[in-house]
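Colleague: generate coordinates for the sequence data below:
(one chain, ligands or ions: 2)
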Amino acid sequence: MIQVKATEIGWNFVNSYARLPQLFHSNTNPTPVISPKLAILNLSLAVSLGLNVEALQSKDGIAMLAGNQIPQGAMPIAQAYAGHQFGYFTKLGDGRALLLGEQITPQGERFDIQLKGSGETPYSRRGDGRAVLGPMLREYIISEAMHSLGIPTTRSLAVVTTGESVFRETEQPGAILVRIAASHLRVGTFQYAAKWGTIDDLRVLADYTLQRHFPDVEDDENRYLTLLQQVIIRQSILIAKWQLVGFIHGVMNTDNMAVSGETIDYGPCAFMDAYNPATVFSSIDVHGRYAYGNQPPIAEWNLARFAETLLPLLHPDQKQAERLAQDTLADFAEIYYCNWLAGMRSKLGIFNVEEQDEVLIKRLLDIMEKYKADYTNTFRSLTFNTLEDMTLFGTSEFSQWYQLWQTRRERQPESKDSSQQLMKSCNPALIPRNHRVEAVLDAAVKRQDYSPLERFLTALANPYAHSLEQAEYAVLPEPTMRPYRTFCGT
Ligand code: AMP
Ligand code: MG
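Modeller: Ligands and ions are numbered 1, 2, ... in the order given. Purely as a prediction, here's the structure:
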């Protein structure tokens with residue numbers, strides 16, 4: 001494959017993952033595509049990565065984003081991992097993605113650069129190694145929206161169309177997403193090492209993870225326990241943030257849980273409209289395993305699988321190791337709940353802590369559920385005291401709750417103004433609503449009109465601005481008989 005000057009574009013790769021034992025990856029080149037064209041490029045992200053946006057949009061730049069050329073310094077690999085998919089353990093790996101390398105930014109940060117949809121790999125099983133334009137643009141929109149909402153996430157640098165068709169249920173335009181991540185170390189990577197590696201492989205992986213994500217951890221005998229603790233903390237913070245904005249991941253398999261604490265793998269995810277803990281969007285999640293309200297216990301279940309992989313490193317005595325792991329895992333529920341509760345207080349403009357707050361919050365959520373109130377818009381209306389346009393606001397239950405909330409806010413020293421400021425900074429003006437996402441994708445994919453998508457991305461980039469232009473995005477879709485469904489066949 002042709003090598004071009006990566007320096008002109010600003011690529012500055014190191015390849016620490018590729019130097020891990022062979023068990024963890026497989027050297028694989030992308031499969032070139034017929035006619036790569038840039039569909040969308042994230043200019044501000046490119047700049048923050050130290051990339052030259054003009055060079056990136058040149059023929060060579062786009063060829064690199066499509067996998068038709070390998071930038072100098074990159075060492076493409078497919079990563080090996082395993083995972084519990086809907087509770088069942090399976091051997092997996094990057095079946096349609098390749099890690100080019102780790103970009104070192106001008107600020108000295110390190111990010112994985114991954115091509116998703118870049119062709120078959122040794123882990124493709126029966127898959128074609130390819131991705132479809134609509135779902136890749138969807139990942140772009142939602143991951144960038146999550147980032148702007150202040151939620152740790154992988155990000156999207158670009159989507160390139162391939163000029164090739166991909167066959168799913170119908171013929172679809174093919175595309176490649178260039179994904180940026182703190183790393184692609186997954187719970188499933190540890191499961192892979194524990195099942196198919198030696199204890200030395202496992203230790204190498206754990207040491208690598210510590211060095212990459214938790215460099216401040218002291219080199220003491222309990223460092224692997226600290227690793228477990230730190231991953232639990234990051235995940236509990238992440239899941240609390242998801243719950244607070246009504247994000248439903250949709251496929252929280254252990255291979256889709258990053259140890260860095262970033263949201264990863266945007267497949268059948270979607271944001272909840274009406275508040276209901278049982279909300280599920282994914283067409284394949286027939287038992288609601290990954291329903292909104294199940295996300296915290298599922299995260300805990302996934303972390304228990306993570307802890308199991310670390311047992312041989314935690315203590316030479318199996319029983320002692322299990323006890324250490326269990327004690328540490330027990331922290332998840334509490335850390336999660338504290339973060340969620342603190343976030344909910346802020347959403348209601350409450351600064352200090354009172355024991356009765358939990359009851360106040362629970363009562364609001366109960367009546368939101370009863371009256372099928374839109375989650376995002378309820379908090380938005382409370383923020384601006386615009387309490388007309390929802391059934392919920394006309395009920396006596398709400399009036400009673402509202403009185404309790406007012407007196408609660410009056411009991412804190414902060415002014416009403418600062419309470420409202422707090423609410424504005426915690427309750428988004430907009431989220432990537434399902435019908436809006438579908439509409440902009442339709443325009444882009446079916447009519448090659450990217451302007452609605454661009455406008456939507458601009459509005460989503462600043463979700464706490466509460467600007468006039470954002471108001472249109474708070475409008476709910478007309479009620480339909482058919483619930484919104486998301487699909488995995490991407
Ligand atoms: P996901 O549901 O996206 O987390 O993917 C689960 C597994 O299936 C991962 O190992 C993916 O790499 C693999 N996979 C998904 N789509 C394809 C495809 N089109 N070709 C090959 N492998 C795929
Ligand atoms: Mg995945």
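Colleague: what about R126, how many neighbours?
Modeller: R126 sits with 5 neighbouring residues when counted by other Cβ atoms under 10 Å. From N, CA and C alone the C-beta is placed, and that goes for glycine too.
Colleague: am I right that it is in a strand?
Modeller: No: assigned with DSSP: H, G, I helix; E, B strand; the rest coil, R126 falls outside any strand and is coil.
Colleague: contacts only, for it.
Modeller: With contacts defined as Cβ atoms under 8 Å, 6 or more residues apart in numbering, R126 has no neighbours.
Colleague: from E120, how far out is it?
Modeller: Relative to E120, R126 is positioned 10 Å away (Cβ to Cβ, to the nearest Å).
Colleague: in the stretch 301-450 of the chain, which residue sits nearest ligand 2?
Modeller: The minimum distance from the stretch 301-450 of the chain to ligand 2, using Cβ to the ion, falls at N302 (12.9 Å).
Colleague: next: the stretch 251-400 of the chain.
Modeller: D265 (4.0 Å).
Colleague: any idea which element that residue lies in?
Modeller: For D265, there is no host helix or strand (DSSP states H and E).
Colleague: what about it, distance to R363?
Modeller: Distance from D265 to R363, by Cβ to Cβ: 35 Å.
Colleague: what does L314 give?
Modeller: Applying Cβ to Cβ to L314 and R363 gives a distance of 42 Å.
Colleague: more neighbours: which of those two?
Modeller: L314 (21 against 16).
Colleague: out of everything not next to it in sequence, what's closest to that one?
Modeller: A321 (4.1 Å; Cβ to Cβ, 6 or more residues apart in numbering).
Colleague: spatially central residue in this protein, please.
Modeller: A centroid search over the chain (Cα atoms, centre = their mean) returns T263, at 2.4 Å, as the residue closest to the centre.
Colleague: tell me the bridge partners for it.
Modeller: T153, M257 (DSSP bridges).
Colleague: the longest helix belonging to the chain - contacts with which helices or strands?
Modeller: Scanning the chain for the longest helix, with DSSP state H as the assignment, gives helix 223-245. Applying 3 or more Cβ pairs under 8 Å, 6 or more residues apart in numbering; DSSP states H and E, one finds that helix 223-245 contacts helix 199-213, helix 295-314, helix 318-329, helix 331-347.
Colleague: what is the burial count for the residue of the stretch 251-400 of the chain closest to ligand 2?
Modeller: Counted with other Cβ under 10 Å, D265 comes out at 22.
Colleague: and A325, by the same measure?
Modeller: Neighbours of A325 (other Cβ under 10 Å): 22.
Colleague: distance check, the residue nearest to it when sequence neighbours are not counted against ligand 1.
Modeller: Nearest residue to A325 in three dimensions, chain neighbours excluded: A307, at 4.1 Å (Cβ to Cβ, 6+ apart). For A307, the distance to ligand 1 (Cβ to the nearest ligand atom, to the nearest Å) stands at 22 Å.
Colleague: I'd guessed A307 sits against A321; true?
Modeller: No: the criterion here is Cβ atoms under 8 Å, and A307 misses it with A321 at 9.3 Å.
Colleague: who has more neighbours out of the two?
Modeller: A307 (24 against 20).
Colleague: wait, doesn't the residue nearest to L314 sit right on H315?
Modeller: Yes: at 3.9 Å, A321 counts as touching H315 under the criterion of Cβ under 8 Å.
Colleague: chain center to stretch 179-194, what's the gap?
Modeller: 14 Å (Cα atoms, centre = their mean, to the nearest Å).
Colleague: apologies, that question was intended for stretch 331-346.
Modeller: Taking Cα atoms, centre = their mean, the mean C-alpha location of stretch 331-346 is offset from the chain mean by 19 Å.
Colleague: need the residues that contact that stretch.
Modeller: Everything outside stretch 331-346 that qualifies as a contact, by Cβ under 8 Å, 6+ apart, is 229, 232-233, 235-237, 239-241, 243-244, 296, 299-300, 303, 351, 353, 357-358, 361, 422-423, 425-426.
Colleague: how many neighbouring residues does L457 have?
Modeller: Residues contacting L457 under the criterion other Cβ under 10 Å number 19.
Colleague: where does it land in three-state SS?
Modeller: Local secondary structure at L457 is given as helix here, using three-state DSSP.
Colleague: per-residue confidence at E221?
Modeller: For E221, the pLDDT comes out at 71.
Colleague: how much space between it and F332?
Modeller: Shown here: E221 relative to F332, a distance of 23 Å by Cβ to Cβ.
Colleague: so the two - more neighbours on which side?
Modeller: When neighbours are counted by other Cβ under 10 Å, E221 and F332 differ, and F332 comes out ahead with 23 against 8.
Colleague: M272 - how many residues pack around it?
Modeller: Neighbours around M272, by other Cβ under 10 Å: 22.
Colleague: in contact with the closest residue to it other than its chain neighbours, which residues?
Modeller: In this structure, M272 finds its nearest non-sequential neighbour in G246, 3.9 Å apart by Cβ to Cβ, 6+ apart. Counting by Cβ under 8 Å, 6+ apart, G246 touches 271-272, 275, 292, 375-376, 431.
Colleague: E102 belongs to a strand, doesn't it?
Modeller: Yes: membership of E102 in a strand is supported by three-state DSSP.
Colleague: what stretches of the protein score poorly on pLDDT?
Modeller: Scanning the chain for pLDDT under 70 picks out 1-6, 481-482, 488-490.
Colleague: might you enumerate the residues of it proximal to ligand 2?
Modeller: Contact residues (Cβ under 5 Å from the ion) of the chain with ligand 2: 256, 265.
Colleague: measure the most far-flung residue of the chain relative to its centre to I367 for me?
Modeller: Distance from the C-alpha centroid of the chain, by Cα atoms, centre = their mean, peaks at S396 (38.3 Å). Per Cβ to Cβ, S396 is found 10 Å from I367.
Colleague: repeat that for P432.
Modeller: For P432, the distance to I367 equals 26 Å [Cβ to Cβ].
Colleague: again, but for V53
Modeller: 49 Å.
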